[in-house]
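*Asks:* got a predicted structure plus its sequence, pasted below:
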Amino acid sequence: MRMMLKVQLDTPTANDAIRNGTLPKTMENALTALRPEAAYFTTENGCRTAYIFFDMQDPSQMPKTGEPFFLELGAKVQYSPVMNAEDLRKGLAALGADG
């Protein structure tokens, strides 16, 4: 299932990771493991925030995908299932078949 992983970094922890040079490697390792369809980086509510879109095959992947952000960056992590335009068309077409 296509998921949006929202990662909000803890500011003091991220500041330390920037200063000691570990933030780029942490993000690179996470993105390599996730193999995202897309990844975007911004700020939200005053926090460094990443939106990462990837395919989650099984919910058991949640610890593997989230823990690096929790452990290394003190992040808040949120998963949301999402659709692309093709998924939406398919879903809406299925509604028409039932109604």
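*Replies:* Everything's here; your move.

*Asks:* show me what the longest strand seen in the chain pairs with in its sheet, parallel or antiparallel.
*Replies:* Criterion DSSP state E: the longest strand present in the chain is strand 47-55. The pairing partners recorded for strand 47-55 under DSSP bridges are strand 2-8 (antiparallel), strand 38-44 (antiparallel).

*Asks:* can you pull the buried residues of it?
*Replies:* Residues of strand 47-55 classed as buried: 48-54 (neighbour count, 16 or more other CB atoms under 10 Å). From N, CA and C alone the C-beta is placed, and that goes for glycine too.

*Asks:* ranking helices and strands of the chain by mean pLDDT, which lands last?
*Replies:* helix 85-98 (a mean of 87; mean pLDDT, DSSP states H and E).

*Asks:* quick one: that helix to strand 2-8, angle?
*Replies:* Here helix 85-98 points in a direction 130 degrees away from that of strand 2-8 (axes from the mean of the first three to the mean of the last three CA atoms, to 10 degrees).

*Asks:* could you dump helix 85-98 to CSV, C-alpha only?
*Replies:* Once non-C-alpha atoms are left out, helix 85-98 reads as follows in CSV (Å, rounded to 0.1, in the frame of the first residue of the first chain):
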residue,chain,number,x,y,z
ALA,A,85,-4.6,9.7,-9.5
GLU,A,86,-4.8,6.2,-10.9
ASP,A,87,-5.8,4.8,-7.5
LEU,A,88,-8.5,7.4,-7.1
ARG,A,89,-9.9,6.7,-10.6
LYS,A,90,-10.0,3.0,-9.8
GLY,A,91,-11.7,3.6,-6.5
LEU,A,92,-14.3,6.0,-7.9
ALA,A,93,-15.0,3.6,-10.8
ALA,A,94,-15.7,0.9,-8.2
LEU,A,95,-18.3,3.2,-6.5
GLY,A,96,-20.1,3.6,-9.8
ALA,A,97,-20.3,-0.2,-10.3
ASP,A,98,-22.0,-0.6,-6.8
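
*Asks:* many thanks, I have nothing further to ask.
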